[in-house]
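> pasting the structure only:
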């Protein structure tokens, strides 16, 4: 029976269950109104999306300050959804420090993306459909964050995947967009099989409930065997690796750039790809209980960070540089979680949400002016687009980890955690910090400095194009697009200070309250700070020397390191391996051949065999029908005699 029982624990002051459900319901109502009534009224659809997500933003901040006032206490409102046998599944919401931080990040970025989209998507024939999908996407992510049990989380987890499929393939008439959407959906489903297996495992061998707090307690109680906890943790991480684009399931994310740029900003900054990091963080006590699973998370994160950073070094597409940057930073977060840096990982997720959204929206502003993402056709845009340039500069400095911007504080916490626990992982993180600064300022110099190269000619037959200007005469984007850039620049600079306000360990205590046991507070190490800053400055200076001053040309560097350059440009050949080995051979040749044999010998065999048996029986029985009455009479008499004999044999006199 639905919603029979209600339970509430440790209620947070000033925030009730109705408001928490309203965070989820507000963009959902906006989605329903757009789909049912206003999809053909573009302006109304845009305003409804902004209003719906705006309400969620306001309530999310109420929740944040309520949890702060309650010293991070947890509020859980749970209802019985249904039960079958010994299994009871609940439907409820949970708010703690981790939830509150995620709610603020998701709604803040989403609202600014919606405002920006009203300018970027102006004139697109799918304008109303776009905002409906965006509302549904935000609703799915908010439901995932608020879920108090694994079953409900999995439902919204899959809805996030569906939403991303719809938005990545928004311009579905383009074969590249349709292919990218299918690729994202299929690759992430592979990871989701692991998460589904983990859910089944915790049901059959776990505490008999999907409640997240109960699962955490079960994993850390010492009751289950170690291998069960490890398998559950690895299943959870498999799902996280798919959504958060971790090696070897990272190949879908760069292709997802086929969707509209505001979609890319939302996916990369605050929704789909951070869902995996959130999932591992939510079940962090489980990973702490399994050293093997933690090691897998740490090393997969490190490998992902290095692979993505090296590929970003050679990309010529502006947005793909940012895409591989996202993959690399997600690897950074997983690396932190794997070495026990729960606070550092969430802190970096929080700061990354703002400067990564700013970077993607900045790239969209450039595209809006030049009609291209090809950096070889840009250059010199600084004088044409000063707001876009300076806000992009702020975001790039923050991502590079320059003091005192937001990225400096969160990146250094990850490096500090790796330094204290594993020097090899620290060296990996330090190398990635250098490469991050290099490729970001390579992109900035190629795009905004030098001479403008003319952009991309306009294809007037492209019905899905949002471009209406003249790429030969670039200009700053309209205020509805530049205002979100200016707003996002503020947290890109100052979000890092949230860790130390109102006191030094505020952020650690706030998000740490979500764990069963207190966690290590944020610290500061002057040696780590200086060394990481030196690496970042060295990366920026190297990019300046190569691409601005050309003291050493990029062509000469490529010639010197030709094998590595080819490896990076071909993305480690992973896409080719997947395409040639798995798609063309395993599936198209092997699996399809197996299906053909099954169809020929099993399916057709059953159908044709049934027909042959029927024909054989009928041919044998046909001789009975002679058409002669005396034969029928003789048969009838013989039957009577046999029946009489049988009766007397069974009942003798």
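Arrived safely, thanks for sending. Owing to the predicted nature of the structure, the values given are computational and were not obtained by experimental measurement.
> which sections of the stretch 101-250 of the chain are below the confidence cut-off?
In the predicted model, the stretch 101-250 of the chain carries no residue with pLDDT under 70.
> What's the mean pLDDT across stretch 646-653?
In this model, stretch 646-653 carries a mean pLDDT of 74.
> Quick one: find the helix or strand in the chain with the lowest mean pLDDT.
Sorting the helices and strands of the chain by mean pLDDT, DSSP states H and E puts strand 6-9 at the bottom, at a mean of 44.
> roughly how far apart are the closest residue to residue 259 other than its chain neighbours and residue 321?
Using Cβ to Cβ, 6 or more residues apart in numbering and skipping the chain neighbours, the partner closest in space to residue 259 is residue 168 (4.2 Å). Quick note: C-beta positions are derived from backbone N, CA and C, even for glycine. The gap separating residue 168 from residue 321 is 18 Å, by Cβ to Cβ, to the nearest Å.
> go on, residue 37?
As judged by Cβ to Cβ, residue 37 and residue 321 stand 40 Å apart.
> Settle it for me: which of the two has more neighbours?
Comparing residue 37 with residue 321 by other Cβ atoms under 10 Å, the one with more neighbours is residue 321, at 27 against 12.
> hang on, that one in a strand?
No: Residue 321: not assigned to a strand; according to DSSP: H, G, I helix; E, B strand; the rest coil it is helix.
> quick one, what contacts it?
Contacts for residue 321 (Cβ atoms under 8 Å, 6 or more residues apart in numbering) come out as 312, 315, 439-440, 442-443.
> Show residues contacting the helix or strand in which residue 24 is found.
Secondary structure from DSSP states H and E places residue 24 in helix 17-33. For helix 17-33, contacts defined as Cβ under 8 Å, 6+ apart pick out 8, 48-49, 51-53, 55-56, 59-60, 62-63, 75, 77, 93, 95, 103, 107, 132, 135-136, 138-139, 142-143, 146.
> which helix of this structure spans the most residues?
helix 175-205 (DSSP state H).
> Show me what it is packed up against.
helix 150-168, helix 226-243, helix 252-255 (3 or more Cβ pairs under 8 Å, 6 or more residues apart in numbering; DSSP states H and E).
> got the buried residues for that helix?
177, 180-181, 183-185, 187-188, 191-192, 194-199, 201-203 (16 or more other Cβ atoms under 10 Å).
> Repeat that for stretch 151-166.
Applying 16+ other Cβ under 10 Å to stretch 151-166 flags 151-154, 156-161, 163-166 as buried.
> which one among the residues you listed gets closest to residue 375?
residue 164 (26.0 Å; Cβ to Cβ).
> per-residue confidence at residue 100?
93.
> meant to ask about residue 11
For residue 11, the predicted pLDDT is 48.
> Use 383 as the first number for this chain going forward.
I'll keep to 383 as the first residue from here, and by that count the last item is residue 393.
> In the stretch 733-882 of the chain, where is pLDDT below threshold?
841-851.
> now the helices for it?
768-782, 788-803, 805-830, 861-876 (DSSP state H, counting those that start in this stretch).
> which helices and strands does the second one pack with?
It stands for helix 788-803. By 3+ Cβ pairs under 8 Å, 6+ apart, helix 788-803 packs against helix 700-720, helix 724-752, helix 768-782, helix 805-830, helix 861-876, helix 908-925.
> buried set for it?
Buried, per 16+ other Cβ under 10 Å, within helix 788-803: 788-802.
> Surely residue 470 and residue 596 touch.
No: counting by Cβ atoms under 8 Å, residue 470 does not reach residue 596; the two are 11.4 Å apart.
> rewinding a little: residue 985: which of the helices and strands packed on helix 788-803 is closest?
helix 700-720 (42.9 Å).
> Measure how the closest one sits relative to helix 788-803, angle-wise.
Orientation check (axes from the mean of the first three to the mean of the last three Cα atoms, to 10 degrees): helix 700-720 against helix 788-803 gives 40 degrees.
> Centre of the chain to stretch 993-1002, how far?
58 Å (Cα atoms, centre = their mean, to the nearest Å).
> Kindly report the same for stretch 951-967.
22 Å.
> quick one: terminal-to-terminal distance for it?
Terminal residues of stretch 951-967 are spaced 24 Å apart (Cα to Cα, to the nearest Å).
> What residues of that stretch count as buried?
953-954, 960.
> Check stretch 750-765 too.
By 16+ other Cβ under 10 Å, the buried positions in stretch 750-765 come out as 750-755, 757, 759-761, 763-764.
> Just flag the most distant two among the residues you listed.
753 and 764 (18.4 Å).
> re the thing from before, narrow the contacts of helix 399-415 to those that are buried.
430-431, 433-435, 437-438, 441-442, 444-445, 457, 459, 475, 477, 485, 489, 514, 517-518, 520-521, 524-525, 528.
> Report whether residue 471 is found in a helix, as I expect.
No: looking at residue 471 with three-state DSSP, it is strand, so not inside a helix.
> Look up how far residue 817 lies from residue 829.
From residue 829 to residue 817 the distance is 18 Å (Cβ to Cβ).
> Please identify which of these two sits among more neighbours.
residue 829 (25 against 21).
> Quick check: chain neighbours aside, which residue is closest to that one?
residue 760 (4.7 Å).
> Spit out the contact partners of that neighbour.
700, 748, 752, 754, 828-830, 834-835, 837.
> Switch the residues you listed over to JSON lines; also include distance to residue 1011.
Output for the contacts of residue 760, formatted as JSON lines (distance: Cβ to Cβ, whole Å):
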{"residue": "700", "distance to residue 1011": "95"}
{"residue": "748", "distance to residue 1011": "97"}
{"residue": "752", "distance to residue 1011": "97"}
{"residue": "754", "distance to residue 1011": "93"}
{"residue": "828", "distance to residue 1011": "101"}
{"residue": "829", "distance to residue 1011": "101"}
{"residue": "830", "distance to residue 1011": "105"}
{"residue": "834", "distance to residue 1011": "105"}
{"residue": "835", "distance to residue 1011": "102"}
{"residue": "837", "distance to residue 1011": "97"}
